[in-house]
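> Okay, structure incoming, though there's no sequence with it:
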């Protein structure tokens with residue numbers, strides 16, 4: 001789910017920040033979650049990928065894990081190839097963040113059971129639930145992304 005990049009050092013970043021990545025230093029998951037929440041990508045694939053990397057980290061050697069994390073970071077901080085994959089600013093502005101687990105779970109139930117359009121809703125809900133449990137300090141942001149995608153799928157339905 002992450003792309004391949006040539007070279008031993010990559011200089012990447014966004015308007016907000018620029019980071020020089022070194023081959024031997026892994027990117028912390030707390031940095032990755034922040035980047036992925038800012039740019040979840042097409043149907044939340046950056047968040048789905050982060051959850052997958054975290055769940056599977058024991059299966060990778062250090063170099064592989066570093067590569068996966070760097071590639072995901074680059075995907076989350078560089079401009080998207082398809083502008084349609086950008087967050088819908090109008091829907092995102094309406095999206096609510098909440099620290100409440102009940103509010104978050106309601107959004108997940110809507111994603112899975114209320115307006116099912118494709119498999120991405122289920123994999124996204126699963127990833128968001130996993131990330132919610134692992135990043136207590138980012139719960140409001142994760143909840144906002146869940147609410148955002150409920151709105152995205154509701155707008156598709158209409």
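Cool, the structure landed. A quick note: this is a predicted structure, and the numbers were derived from the prediction, not measured.

> Would you mark the buried spots in stretch 27-47?
27, 29, 32-37, 39-41, 43-47 (16 or more other C-beta atoms under 10 Å). The C-beta positions use only the backbone N, C-alpha and C, and glycine is treated the same way.

> residue ranges for the helices of this structure, please.
Here the chain has its helices, by DSSP state H, at 29-38, 45-56, 62-77, 89-94, 101-109, 119-134, 139-157.

> what's the closest of these to residue 83?
Closest to residue 83 of those, according to C-beta to C-beta: helix 89-94, at 11.9 Å.

> quick one: buried residues of the closest one?
Residues of helix 89-94 classed as buried: residue 91 (neighbour count, 16+ other C-beta under 10 Å).

> Please apply the same query to stretch 103-115.
104, 106-108, 110-111, 115.

> residues in contact with it?
96, 98, 121-122, 124-125, 128-129, 132, 139, 142-143, 146-147, 149-150, 153-154, 156-157 (C-beta atoms under 8 Å, 6 or more residues apart in numbering).

> What average pLDDT does it get?
Averaged over stretch 103-115, pLDDT sits at 91.

> what separates the spatially closest residue to residue 138 that is not a sequence neighbour from residue 76, distance-wise?
Ranked by C-beta to C-beta, 6 or more residues apart in numbering and with sequence neighbours excluded, the top spatial neighbour of residue 138 is residue 33, at 5.3 Å. Counting by C-beta to C-beta, to the nearest Å, the gap from residue 33 to residue 76 is 10 Å.

> Quick one: low-confidence residue ranges for this structure.
1-25, 116-117, 157-158 (pLDDT under 70).

> Could you report the separation of residue 40 from residue 61?
In terms of C-beta to C-beta, residue 40 sits 28 Å off from residue 61.

> Please spell out which residues along stretch 47-64 are buried.
Across stretch 47-64, burial judged by 16+ other C-beta under 10 Å covers 47-54.

> Fine, thanks again, bye for now.
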